[in-house]
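> Starting from these lines, generate the structure:
(one chain, ligands or ions: 1)
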Amino acid sequence: MVHGAQDGPLIVVAAALIRDDRVLVQERPAGKALAGLWEFPGGKVEAGETCEAALVRELSEELGIALGSEALAPHSFVTGTAGDRPLLLLLYVATEWAGEAHALEASALCWANYADLCALPMPPADVPLVAALRPLLA
Ligand SMILES: Nc1nc2c([nH]c(=O)n2[C@H]2C[C@H](O)[C@@H](COP(=O)(O)OP(=O)(O)OP(=O)(O)O)O2)c(=O)[nH]1
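Numbers count the residues shown, from 1 in each chain. Prediction:
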């Protein structure tokens, strides 16, 4: 996508889906930027979309699960870069959704406890998000 100097940061929304004190992370598939790294499911907010609507859409596309915006609790954020562009990544927490998560776009899924999460290779921007999730995980 072409972007200009007037553009703000790239806004990415992601979810920490928590079940039994574990969080769902997915492996970015071959062919995508950061392939092979593990991430929280989510993606870019499209023009005209609210952050919550974008995340509800991404969770449906990537995992096949359904939830309403009200099920997304704002949790933490980080700033970083995505390629040459400033990145603002907003992490929400959800504990209730409908359906079973499947890797519809990722190469694999993992329900990770805190030690698992620390051992998985993740994008550098995710490090503070992992630390912020510590109290919620086994
Ligand atoms: N979903 C997600 N993206 C992350 C995380 N950490 C991190 O640095 N990112 C970055 C990677 C990408 O530069 C960007 C997300 O872009 P993406 O390409 O996955 O978004 P998308 O699903 O809308 O993908 P696409 O339609 O453009 O292919 O945010 C994370 O934990 N989850």
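
> which parts of the protein sit against the ligand?
Counting by Cβ under 6 Å from any ligand atom, the chain comes close to the ligand at 12, 14, 33-34, 39-40, 42-44, 58, 82, 89, 123, 125-126. The C-beta positions use only the backbone N, C-alpha and C, and glycine is treated the same way.

> So how do I select the buried members of these in PyMOL?
Selecting in PyMOL just the buried members of those, where the criterion is 16 or more other Cβ atoms under 10 Å, is done with this command:
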select buried, resi 12+14+39+40+42+43+58+82+89+123+125+126
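
> Run through the bridge partners of A94.
Listed beta-bridge partners, A94: L17 (assigned using DSSP bridges).

> What segments of this structure are strands?
When assigned using DSSP state E, the strands of the chain occupy the ranges 10-19, 22-27, 38-39, 42-44, 73-82, 85-94, 108-112.

> Please name the bridge partners of the closest residue to the ligand within the chain.
Residue nearest to the ligand within the chain: G43 (2.6 Å; Cβ to the nearest ligand atom). Each beta-bridge partner of G43 is listed here: V13, as defined by DSSP bridges.

> Let me see the contact set for it.
For G43, the set of contacting residues under the criterion of Cβ atoms under 8 Å, 6 or more residues apart in numbering consists of V12, V13, A14, A54, E58, E61, E62.

> Alright, I will stop here.
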